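Visitor: Let me see the structure of the following:
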Amino acid sequence: MPQKLEPLLPGCYYHIYNHANGNENLFNSEANYLYFLEKYVEYIHPIADTFAYCSMPNHFHFFVRIKDDIVVEQQQTSEVLKTSEVFVSQQFSNFFNAYSKAINKERGRMGSLFNHRYKRKQVFTTDYFINLIHYIHLNPIAHGFVKSAHDWKYSSYHSFLTNHPTKINRDEALKWFDDLNNFKALHQSPVSERFILDLEL
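Guide: Got it, this is the predicted structure:
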């Protein structure tokens, strides 16, 4: 029997992640990475605040907070009023389907590009938020793609280091670290093994 998925509730924080189906890659080119973010902004930005993300060739991570009921309902265009939970889930489904459809056309493939169900884990504490952002930004190092978070283009890490406009909730996230210097200092150290063990539970 399939495991029941955790609901995506307004005002709650989630680590959302998924992997390509089998041994395939989700992203084979810079255009793929950019198109994925374009679809994310189209479908997810209206219904979730984003604190961190990282895309790697065969998987991705997002750290988000689902927006409140009022904002969610304002985004609905259907005459049928859906619950926030159903609407949010549908937006994620539309996001993945839109990206899969484009990649299938580009590669001449058929079928599911992603693992069947994207993973989500509700997270609760500021300490966890800090560790999760750190983990997401250092994930390309853990997988051997780069030696430093600074060297990976396809994450939100660089959005924290500039004053340029961004879809990332940068100012709110930096408050969890106290300031940018602490953010930078933490990203120079490895992710704690205790946190990684917690992620795997």
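
Visitor: remind me which residues of this structure are low pLDDT?
Guide: The chain contains residues with pLDDT under 70 at 1-4, 69-82, 200-201.

Visitor: And the strands in it?
Guide: In the chain, the segments counted as strands under DSSP state E are 13-19, 48-56, 59-66, 119-123.

Visitor: Note down every partner strand of the last one and its orientation.
Guide: In the sheet, strand 119-123 lines up against strand 13-19 (antiparallel) (DSSP bridges).

Visitor: Report the distance from the strand it pairs with to the chain centre.
Guide: 6 Å (CA atoms, centre = their mean, to the nearest Å).

Visitor: What angle do strand 48-56 and it make with each other?
Guide: Between strand 13-19 and strand 48-56, the angle comes out at 30 degrees (axes from the mean of the first three to the mean of the last three CA atoms, to 10 degrees).

Visitor: Tell me who's in contact with H19.
Guide: With contact set as CB atoms under 8 Å, 6 or more residues apart in numbering, H19 has these partners: 58-59, 114-115. C-beta coordinates here come from the backbone N, C-alpha and C atoms, glycine included.

Visitor: In a markdown table, list those along with distance to Q188 and neighbour count.
Guide: A markdown table is the format used below for those (distance: CB to CB, whole Å; neighbours: other CB atoms under 10 Å):
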| residue | distance to Q188 | neighbour count |
| --- | --- | --- |
| N58 | 27 | 16 |
| H59 | 24 | 19 |
| F114 | 33 | 19 |
| N115 | 32 | 14 |
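
Visitor: Looking at those residues, spot the one nearest L174.
Guide: Nearest to L174, judged by CB to CB, of the contacts of H19 is H59 at 25.9 Å.

Visitor: who's in contact with the closest one?
Guide: Applying CB under 8 Å, 6+ apart, the residues near H59 are 17-20, 26.

Visitor: swap in S112?
Guide: 21, 100.

Visitor: before we move on, back to that, for I141, which of the strands of the chain is the nearest?
Guide: Comparison of those against I141 by CB to CB identifies strand 48-56 as nearest, at 10.5 Å.

Visitor: residues making contact with the closest one?
Guide: 26-27, 33, 36-37, 40, 44, 60-67, 88, 129, 132-133, 136-137, 139-140, 143, 145, 152, 154-157, 167-169, 172-173.

Visitor: Just the buried residues of those residues.
Guide: 26-27, 33, 36-37, 40, 44, 60-67, 88, 129, 132-133, 136-137, 139-140, 152, 154-157, 168-169, 173 (16 or more other CB atoms under 10 Å).

Visitor: So which of those are in helices?
Guide: Under the assignment DSSP state H, the buried ones among the contacts of strand 48-56 contribute 33, 36-37, 40, 88, 129, 132-133, 136-137, 139-140, 173 to helices.

Visitor: Can you say which two of those are spatially most distant?
Guide: Largest separation among these by CB to CB: V88 and P140, giving 27.9 Å.

Visitor: center of the protein - which residue?
Guide: Geometric centre of the chain, nearest residue: F62, 1.5 Å, by CA atoms, centre = their mean.
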